[in-house]
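1. Next one to model:
(one chain, ligands or ions: 1)
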Amino acid sequence: MYDKIKLPYSYDELEPYIDAETVNIHYNKHLQTYVNNLNKALDGYNEFVKGKTLDEILYNIEDIPQEIRQDIINHGGGVSNHNLYFSILSPKPAKSPKGKFLDEINKTFGSLEELKEKLTSAAIKQFGSGYGCLVKDKENRLIVMQVSNQNSPFSDKLIPILMIDVWEHAYYLKYKNLRQNYVENIWNIIDWSKVEEYYNK
Ligand SMILES: [Fe+2]
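-> Predicted coordinates for the structure are as follows:
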């Protein structure tokens with residue numbers, strides 16, 4: 001059985017950037033539905049996933065039997081992507097990474113500000129549902145990318161370390177059609193110490 005992370009803050013603590021009702025519904029309804037559907041899809045297929053983390057399953061998605069593979073991509077990706085998204089948000093975020101991670105950001109993008117601009121643009125321009133995403137490859141190189149639907153970067157052999165959910169359910173109650181305002185605001189609650197932890201893992 002796979003599960004969602006425990007939310008490290010209360011529903012209203014991300015205000016005013018993300019409202020309490022959105023966090024509550026997003027976490028307890030949308031994410032929970034992905035969890036339920038993932039576990040349902042895996043019912044009877046335990047031998048294929050025994051002892052594996054969800055991220056390992058997505059990384060080796062071709063090992064999953066074809067008849068349930070798309071369900072695992074959709075719902076497993078939904079759980080993995082949301083767990084990452086919710087875990088890097090914080091009411092008391094570190095505003096900047098440091099050390100080796102910051103050096104790599106500066107080397108790749110010029111500066112943290114330039115990385116944020118690139119990622120903001122990727123998130124805003126993602127057509128339809130998906131994510132703006134910062135990943136690292138096997139050589140620890142950083143890449144900004146877009147992810148459609150609930151596809152997982154793990155299945156492209158990339159490690160996601162920061163994901164901005166731009167499905168409408170992530171912002172519509174407060175921001176309506178103004179995805180750009182939501183994405184620009186989310187930087188106020190992205191905890192770079194958490195992103196750095198994933199980079200260094
Ligand atoms: Fe979402």
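
2. Which residue comes closest to Trp167 once chain neighbours are left out?
-> Nearest in space to Trp167, with sequence neighbours left out and distances taken as Cβ to Cβ, 6 or more residues apart in numbering, is Ser129 at 4.4 Å. All C-beta spots, glycine's among them, are computed from the backbone N, C-alpha and C.

3. In contact with His169, which residues are there?
-> Contacts here follow Cβ atoms under 8 Å, 6 or more residues apart in numbering; on that basis His169 touches Thr22, Ile25, His26, His30.

4. Confirm it sits in a strand?
-> No - inclusion of His169 in a strand is not indicated when DSSP: H, G, I helix; E, B strand; the rest coil is applied; the result is helix.

5. Check what pLDDT it gets.
-> For His169, the model assigns a pLDDT of 98.

6. Show me which residues of this structure are close to the ion?
-> Taking Cβ under 5 Å from the ion as the contact definition, the chain meets the ion at Asp165, Trp167, Ala170.

7. Now the first one. Nearest residue, chain neighbours left out?
-> If you skip the residues right next to it in sequence, Asp165 has Tyr85 as its closest partner in space, 4.8 Å away by Cβ to Cβ, 6+ apart.

8. Longest helix in this structure, please.
-> Among all segments of the chain classified by DSSP state H, the helix with the greatest residue count is helix 112-125.

9. and that one, what other elements does it pack with?
-> In this structure, helix 112-125 makes packing contacts with helix 99-109, strand 130-136, strand 142-148, strand 159-165, helix 179-186, judged by 3 or more Cβ pairs under 8 Å, 6 or more residues apart in numbering; DSSP states H and E.

10. let's go with 6 Å and repeat that
-> Applying 3 or more Cβ pairs under 6 Å, 6 or more residues apart in numbering; DSSP states H and E, one finds that helix 112-125 contacts helix 99-109, strand 130-136, strand 142-148, helix 179-186.
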